[in-house]
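**Q** Below are the sequence and a predicted model for it; my questions follow.
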Amino acid sequence: MPNQSLQLNTLFQALADPTRRAVLERLSSGPASTSELAQPFAMALPSFSQHLAMLENCGLVHSRKTGRTRVYRLATRPLKAAETWLTRQRQTWESRLDRLDNYLNELKESP
């Protein structure tokens, strides 16, 4: 369980940055080179490469070097783990809110 928690922490840290989320959105339409991914952002390539490294370190993207070009692809397995965790949290909170709603209705109906 602690290892899974560490993986989720790293994943959510990666997803917290808007640049990294934009890269993931771009990769959802297909693989792209480093320069293609960096093009819409006004930052130096070494800074942008740090974003790509974080995405790769947490498993959200995979890269392959072909000649002098590095191509990135989206990896969905870590997103599935986050989705599973979020679904459990949603179920927990919906259950708690339903119990609260029932309790408040009981209070309202009692004299």
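**A** Nice, I can see it.
**Q** use CA for all of it now, contacts and neighbours both
**A** Noted.
**Q** can you map out the helices along the protein?
**A** 2-15, 18-27, 34-38, 45-57, 77-109 (DSSP state H).
**Q** and residue 108, what pLDDT?
**A** The score at residue 108 is 89. That number is its pLDDT.
**Q** got the contact list for it?
**A** Residue 108 sits next to no residue when contact means Cα atoms under 8 Å, 6 or more residues apart in numbering.
**Q** swap in residue 21?
**A** residue 15.
**Q** For it, report the pLDDT, please.
**A** So residue 21 comes in at 97 (pLDDT).
**Q** can you check residue 2 too?
**A** For residue 2, pLDDT reads 59.
**Q** Residue 79 too?
**A** Residue 79 is given a pLDDT of 88.
**Q** any idea what sits nearest it, other than its immediate chain neighbours?
**A** residue 60 (7.4 Å; Cα to Cα, 6 or more residues apart in numbering).
**Q** can you give me phi and psi for that neighbour?
**A** Per-residue torsions, residue 60: phi -80, psi -20 (degrees, to the nearest 10).
**Q** please begin residue numbering at 14 from this point
**A** Renumbered: residue one is now 14, and that last one reads residue 73.
**Q** This completes my enquiry, with thanks.
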